[in-house]
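>>> A predicted structure for the sequence below; I have some questions about it.
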Amino acid sequence: GKKGIIYTVVYRLNGRQKWKAVGKHYSVAKLKLKEIEYKLEVGEMDDLIKKDKPIPISQFVRERYLPWMETRRAPKTYQSAITSSNNLLKFFKDTPLPHIDPRKIEDYIKHRKDLVAPRTCNIELGCLGQIFKRAIEEKYFYKENPVRKVEKLKEPKKHPRFLSREEMQRLWGVSTPWIR
């Protein structure tokens, strides 16, 4: 057969490197690369994704998000992420990331709001938002973060608490002279 150069475009889709042969002409390869980059940027990758199976949220959290959190966040923040993500995964299970949309997130809120305080639910939504932010940064998800389109629950305002005379006297008694 004929020998010659075949140009290949290399890009990342769902966190995996993809190679696509685009022809024998450099100018055509450059155009094809620009086209793929544009599709990835605006989220029009249906023709690119057809062969590629999207990653389930459970796998992404286990393999990518939690290891990333462990190395870059404080231990208490990491523990909070584990707790929140476990609660999220009980509901979303193995749902592929692209199938989680604002409607499904609203369903999650309806499911959780009767079980936990609004603050807890909002913390879990924050965790879900971070999961999607990480997935977008790592090219596992190509759309806008769906959590941004969901309104958080209203949290009751906490009124300031004042110390009683007894509490003030006990505090005074154990405080250092510098504080008095």
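Done, it's in. Numbering: from 1, shown residues only.
>>> following the helix or strand bottoming out on mean pLDDT in the chain, which helix or strand comes up?
In the chain, no helix or strand scores lower on mean pLDDT, DSSP states H and E than helix 46-49, which sits at a mean of 59. Next along the chain after helix 46-49, taking DSSP states H and E as the criterion, comes helix 57-60.
>>> name the residues of that next one that come out as buried.
Going by neighbour count (16 or more other C-beta atoms under 10 Å), the buried part of helix 57-60 is Ile57, Ser58, Phe60. Where C-beta positions appear, they are placed from N, C-alpha and C, glycine not excepted.
>>> buried sites along stretch 5-16?
Buried residues in stretch 5-16, counted by 16+ other C-beta under 10 Å: Tyr7, Val9, Tyr11, Leu13, Asn14.
>>> where does the closest residue to Tyr38 other than its chain neighbours sit: helix, strand or coil?
Nearest in space to Tyr38, with sequence neighbours left out and distances taken as C-beta to C-beta, 6 or more residues apart in numbering, is Glu44 at 8.0 Å. Look at Glu44: counting by DSSP: H, G, I helix; E, B strand; the rest coil, its state is coil.
>>> returning to what we had before: so which of the buried residues of helix 57-60 comes closest to Ile100?
Ile57 (6.5 Å; C-beta to C-beta).
>>> any idea which element Arg12 lies in?
strand 7-13.
>>> so what's the residue nearest in space to the middle of the chain up against?
For the chain, the residue nearest the mean C-alpha position is Ile131 (1.7 Å; C-alpha atoms, centre = their mean). By C-beta atoms under 8 Å, 6 or more residues apart in numbering, Ile131 lies in contact with Ile57, Phe60, Val61, Tyr65, Ser85, Leu88.
>>> quick one: it is in a helix?
Yes - with three-state DSSP as the criterion, Ile131 is part of a helix.
>>> re earlier: please report how far the residue nearest to Tyr38 lies from Asn145.
Glu44 sits 17 Å away from Asn145 when distances are taken as C-beta to C-beta, to the nearest Å.
>>> ok, now Lys76?
Distance, Lys76 to Asn145, using C-beta to C-beta: 24 Å.
>>> Ile57 contacts Pro96, correct?
Yes - Ile57 lies in contact with Pro96 (C-beta atoms under 8 Å); the separation is 7.4 Å.
>>> avg pLDDT for the strand holding Arg12?
For strand 7-13, mean pLDDT is 81.
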